[in-house]
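Asker: sequence first, then the predicted structure:
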Amino acid sequence: MIVSPSLLSANFIDLKSDIDMINRSDAQWLHLDVMDGVFVPNISFGFPVLKAVAKHCEKKLDVHLMIVEPWKFINEVKNLGAYMMNVHYEACPHLHRTIQQIHDAGMKAGVTLNPHTPVSVLEEIIQDVDMVLLMTVNPGYGGQKFIEHSIEKVKRLRKLISDTGSHALIEVDGGVNGETAPRLAAAGVDVLVAGSYVFGNDNPEKVIKELRGE
Ligand code: DX5
Ligand code: ZN
């Protein structure tokens with residue numbers, strides 16, 4: 001399992017210590033949530049902060065843009081040295097073009113679905129993306145309760161990926177903890193994002209190890 005701890009739940013007054021912890025840990029990626037107060041009802045952090053984080057972080061950067069018109073920031077994300085750029089299906093009327101532009105910029109491209117958006121909308125794009133990020137809570141806040149029917153949604157996505165021969169990874173984001181993680185793994189998830197479960201624990205490195213499940 002790939003584990004991508006979400007910086008949203010880190011201690012913002014001492015980000016350096018939390019990123020040192022991530023660097024020491026078994027996490028393979030670091031998940032970075034950008035919010036604009038328009039696409040989602042909250043604002044997180046922006047590129048000046050992420051630039052400092054990126055400089056210090058040794059893990060692959062998994063950037064999740066919860067913003068309108070995300071294609072306008074492809075260069076900014078690229079300049080962070082990001083590995084994966086995730087854009088919301090709901091924010092991209094020309095998703096195919098946006099995916100192409102992310103690839104042209106040298107990054108992996110992920111498409112994110114809100115909880116109400118069915119997996120079937122991906123039929124015509126699943127071959128072109130490197131990852132599908134399923135929101136398992138409504139985006140905007142950490143620490144929310146896992147939406148239970150997401151397990152069935154993961155299974156439907158797993159089937160779409162194998163039916164089409166797509167190479168896309170499945171990532172889930174929201175409400176991941178010691179109870180939901182094994183069930184998500186069994187349903188076919190490749191990447192777990194976890195914010196409050198990791199950073200809210202006294203021993204985050206141990207939690208990351210558990211989530212990896214190896
Ligand atoms: C929510 C963000 C998540 C958030 C998850 O909109 O996309 O990445 O940090 O937080 P937890 O793991 O606490 O549900
Ligand atoms: Zn996220």
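Answerer: Happy to help now that I have it. Ligands and ions are numbered 1, 2, ... in the order given.

Asker: can you tell me which residues in the chain are near ligand 1?
Answerer: 6, 8-9, 31, 33, 64, 137, 139-144, 173-176, 193-197 (C-beta under 6 Å from any ligand atom). Where you see a C-beta, it was placed from the backbone N, CA and C, and this is true even at glycine.

Asker: of the residues you listed, which belong to strands?
Answerer: 31, 33, 64, 173, 193-194 (DSSP state E).

Asker: for residue 136, give me its contacts.
Answerer: 115, 146-147, 150, 172-176, 180, 184 (C-beta atoms under 8 Å, 6 or more residues apart in numbering).

Asker: so where do the strands sit in the protein?
Answerer: Using DSSP E, strands in the chain cover 2-5, 29-35, 60-66, 84-88, 108-113, 131-135, 169-173, 191-194.

Asker: ok, now which ones touch residue 111?
Answerer: Here residue 111 is in contact with 86-89, 92, 95, 99, 122, 125, 129, 131-133 (criterion: C-beta under 8 Å, 6+ apart).

Asker: same question, residue 53
Answerer: 7, 15, 19, 30, 32.

Asker: the residue lying closest to residue 199 once chain neighbours are set aside and ligand 2: what is the separation?
Answerer: Spatial nearest neighbour of residue 199, excluding adjacent residues (C-beta to C-beta, 6 or more residues apart in numbering): residue 9 at 4.0 Å. Look at residue 9 and ligand 2: by C-beta to the ion, to the nearest Å, they are 11 Å apart.

Asker: neighbouring contacts of the longest helix along the chain?
Answerer: If you go by DSSP state H, the chain has its longest helix at helix 150-164. Contact with helix 150-164 is made by 115, 119-120, 122-123, 126-127, 132, 134, 136, 166, 168, 170, 172, 183-184, 187-189, as judged by C-beta under 8 Å, 6+ apart.

Asker: what comes up buried for it?
Answerer: 150-151, 153-154, 156-158, 160-161 (16 or more other C-beta atoms under 10 Å).

Asker: what of stretch 41-57?
Answerer: By neighbour count on 16+ other C-beta under 10 Å, the buried set for stretch 41-57 is 44-45, 50, 53-54, 57.

Asker: pLDDT on it, on average?
Answerer: Averaged across stretch 41-57, pLDDT comes to 98.

Asker: and the residue lying closest to residue 204 once chain neighbours are set aside, how many neighbours?
Answerer: Spatially, and ignoring its direct neighbours in sequence, residue 204 is nearest to residue 198 (4.9 Å; C-beta to C-beta, 6+ apart). Applying other C-beta atoms under 10 Å, we find 32 residues neighbouring residue 198.

Asker: give me every residue that touches residue 198.
Answerer: Residue 198 neighbours (C-beta under 8 Å, 6+ apart): 5-6, 9, 204, 207-208, 211.
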